[in-house]
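*Asks:* got a sequence here, can you model it:
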Amino acid sequence: MPIKNRLSEMQAEITEWRRDLHENPEILFETHRTSAIVEEKLEAFGCDEVVTGIGRTGVVGVIKGKSDTSGKVIGLRADMDALPILEATGLEYASKTPGAMHACGHDGHTAMLLGAAKYLAETRNFDGTAIVIFQPAEEGGGGGREMCEDGMMERFGIQEVYGMHNWPGMPLGSFGIRPGAFFASTDQFEIVVEGQGGHAAKPHNTCDPTVAASQLVVALQTIASRNANPVEQVVVSVTSFETESKAFNVIPSRVTLRGTIRTMSNEMREMAEARLKSMSSSLIEAMGGRADIRWIPGYPPMVNHEEQTEFASSVAASVAGECTFADMTMGGEDFAYMLEERPGAYILVGNGDSADVHTPEYNFNDEIIPAGCSWWAEIVEQRMPAA
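*Replies:* Alright, predicted model coming up:
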């Protein structure tokens with residue numbers, strides 16, 4: 001089944017929705033306007049139930065098929081939030097909110113799932129129940145976790161859950177997926193190195209935290225090169241090195257390091273945390289200082305379930321002709337929480353030769369709307385075929 005004719009006919013309408021969302025981005029859980037639009041449209045489509053306030057500002061719609069002899073309930077999830085980025089696209093529908101931008105395509109994800117919801121509510125050509133999930137705060141807020149903690153899976157009886165993300169660099173409307181670990185954990189750390197400051201010409205009278213912290217920056221790289229199994233994926237990045245002094249002739253008494261560690265398994269995640277804490281304490285202490293270490297847990301690794309991935313891939317191939325095997329990415333994705341709660345899969349849809357996500361020049365390509373909508377609709381119709 002290729003791209004659905006009805007969804008191709010709806011492309012201009014869905015594009016209007018998408019561009020309106022792009023023009024009015026909202027960050028984290030502050031998706032009040034977006035959530036209200038989603039609620040209004042789901043009601044207008046004739047969804048059997050529309051529930052708001054799940055995960056603070058999340059919205060869930062229930063669409064029942066023509067029959068329910070299968071008893072199956074499938075969840076489809078899109079994220080709604082934008083990023084704190086100043087847009088530089090120059091588009092006529094560019095962000096009207098200074099410092100906020102849909103730089104990751106969540107406007108497109110939301111619009112495509114709305115399009116699929118409208119189609120499913122019109123046709124209802126399936127045997128079971130489709131649950132459309134519109135999630136806030138994917139960009140660092142853990143909205144997926146909060147929706148799960150609100151009991152969403154149990155409340156709506158969701159048995160499987162599927163998500164999608166646009167992907168710059170992949171051909172327009174193509175699909176890519178992989179089973180198992182797909183996106184990385186996103187833990188962060190802050191290490192405050194305390195020493196004894198003083199005059200830069202008299203280093204022997206100080207305990208220089210800049211030297212100690214510099215040694216630590218290099219040493220932390222051995223977590224990946226010497227502590228992790230070489231076939232495992234681990235990234236350790238120190239992204240900030242701050243001192244309290246701006247003077248050229250003053251050794252500061254404090255240095256703050258910040259960064260992130262990315263892993264593809266909980267085992268590597270636990271190892272990396274333990275090694276960072278142990279190494280930081282012992283190395284800084286050996287140099288006469290003290291390390292105050294703060295570990296900030298992020299999203300867990302996002303792991304696709306094998307059976308559901310195979311199914312999602314076959315659906316993508318039916319829409320686009322093929323589905324490629326995608327590479328792992330060390331980026332994070334809080335759909336991980338939903339995949340910890342229920343079996344499911346997450347797929348990439350090609351955004352073409354566009355600027356990368358999380359950049360001021362990025363824009364979602366509206367040409368992929370029919371493909372994305374068709375994949376979501378086909379997930380429902382093929383997983384719960386009409387009786």
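
*Asks:* measure residue 347 to residue 315 for me?
*Replies:* Distance of residue 347 to residue 315, given as Cβ to Cβ, to the nearest Å: 9 Å. C-beta here means a position set from N, CA and C on the backbone, and glycine is covered the same way.

*Asks:* ok, now residue 179?
*Replies:* In terms of Cβ to Cβ, residue 179 sits 15 Å off from residue 315.

*Asks:* next: residue 22.
*Replies:* Using Cβ to Cβ, residue 22 is found at 27 Å from residue 315.

*Asks:* what's the answer for residue 52, then?
*Replies:* Counting by Cβ to Cβ, the separation of residue 52 from residue 315 is 29 Å.

*Asks:* the more surrounded of residue 179 and residue 315?
*Replies:* Legend: neighbour count by other Cβ atoms under 10 Å for residue 179 and residue 315, higher for residue 315 (26 against 17).

*Asks:* ok, now which ones touch residue 142?
*Replies:* Residue 142 makes contacts with 299, 334, 337, as judged by Cβ atoms under 8 Å, 6 or more residues apart in numbering.

*Asks:* need those in TSV with distance to residue 39, can you?
*Replies:* Shown next, in TSV, are these (distance: Cβ to Cβ, whole Å):
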residue	distance to residue 39
299	26
334	22
337	23
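
*Asks:* which of the residues you listed lies closest to residue 116?
*Replies:* When the contacts of residue 142 are compared for distance to residue 116 (Cβ to Cβ), residue 334 wins out at 21.0 Å.

*Asks:* so that closest one sits against residue 145, correct?
*Replies:* Yes: here residue 334 reaches residue 145: they are 6.4 Å apart, a contact under Cβ atoms under 8 Å.

*Asks:* quick one: which of those two has more around it?
*Replies:* Neighbour count, other Cβ under 10 Å: between residue 334 and residue 145, residue 334 has more, with 26 against 20.

*Asks:* low-scoring stretches of this structure, by residue?
*Replies:* Applying pLDDT under 70 to the chain flags the ranges 1.

*Asks:* any idea which residue sits dead centre in it?
*Replies:* With distances taken as Cα atoms, centre = their mean, the residue of the chain nearest its centroid is residue 333 (2.8 Å).

*Asks:* which SSE is immediately downstream of the helix ranked longest in the chain?
*Replies:* Assignment by DSSP state H gives helix 266-286 as the longest helix of the chain. Counting by DSSP states H and E, the next helix or strand C-terminal to helix 266-286 is strand 290-296.

*Asks:* where do the helices sit along the stretch 51-200 of the chain?
*Replies:* Taking DSSP state H, counting those that start in this stretch as the test, the helices found in the stretch 51-200 of the chain are 106-123, 143-149, 152-156.

*Asks:* residue 260 is nearest to which of these?
*Replies:* Minimum separation from residue 260 across the helices of the stretch 51-200 of the chain (Cβ to Cβ) falls at helix 143-149, 18.2 Å.

*Asks:* which of the residues in that closest one are buried?
*Replies:* Neighbour counts over helix 143-149 (16 or more other Cβ atoms under 10 Å) mark 143, 144, 145, 146, 147, 148 as buried.

*Asks:* again with stretch 250-262
*Replies:* By neighbour count on 16+ other Cβ under 10 Å, the buried set for stretch 250-262 is 251, 252, 253, 254, 255, 256, 257, 258, 259, 260, 261, 262.

*Asks:* closest one of those residues to residue 183?
*Replies:* Within the buried residues of stretch 250-262, the smallest distance to residue 183 is 9.2 Å, found for residue 262 (Cβ to Cβ).

*Asks:* which neighbouring elements make contact with the helix or strand containing the closest one?
*Replies:* Assigned by DSSP H and E, residue 262 falls within strand 254-263. With contacts taken as 3 or more Cβ pairs under 8 Å, 6 or more residues apart in numbering; DSSP states H and E, strand 254-263 sits against strand 187-194, helix 209-220, strand 234-243, helix 266-286.

*Asks:* could you say what helices and strands the second one packs with?
*Replies:* So that's helix 209-220. Against helix 209-220 (3+ Cβ pairs under 8 Å, 6+ apart) you get strand 187-194, strand 234-243, strand 254-263, helix 266-286.

*Asks:* returning to what we had before: the buried residues of helix 143-149: which two are farthest apart?
*Replies:* The distance between the two most remote of the buried residues of helix 143-149 (Cβ to Cβ) is 9.7 Å, for 143 and 148.

*Asks:* what touches both of those two?
*Replies:* residue 55.

*Asks:* what distance do you get for residue 359 to residue 138?
*Replies:* Counting by Cβ to Cβ, the gap from residue 359 to residue 138 is 17 Å.

*Asks:* the two: who's more crowded?
*Replies:* Each of residue 359 and residue 138 has its neighbours counted (other Cβ under 10 Å); residue 138 has more, 25 against 16.

*Asks:* distance of that one from residue 40?
*Replies:* Residue 138 sits 22 Å away from residue 40, taking Cβ to Cβ as the criterion.

*Asks:* ditto for residue 168
*Replies:* Residue 168 is 31 Å from residue 40, where distance means Cβ to Cβ.

*Asks:* also residue 171?
*Replies:* Using Cβ to Cβ, residue 171 is found at 34 Å from residue 40.

*Asks:* more neighbours: those two, which one.
*Replies:* Relative neighbour count places residue 171 above the other of residue 171 and residue 40, with 15 against 12, counting by other Cβ under 10 Å.

*Asks:* so what's residue 350 bridging to?
*Replies:* Counting by DSSP bridges, residue 350 forms beta bridges with residue 167.

*Asks:* how many neighbouring residues does it have?
*Replies:* Residue 350, neighbours per other Cβ under 10 Å, totals 22.

*Asks:* how about residue 154?
*Replies:* Neighbours around residue 154, by other Cβ under 10 Å: 10.
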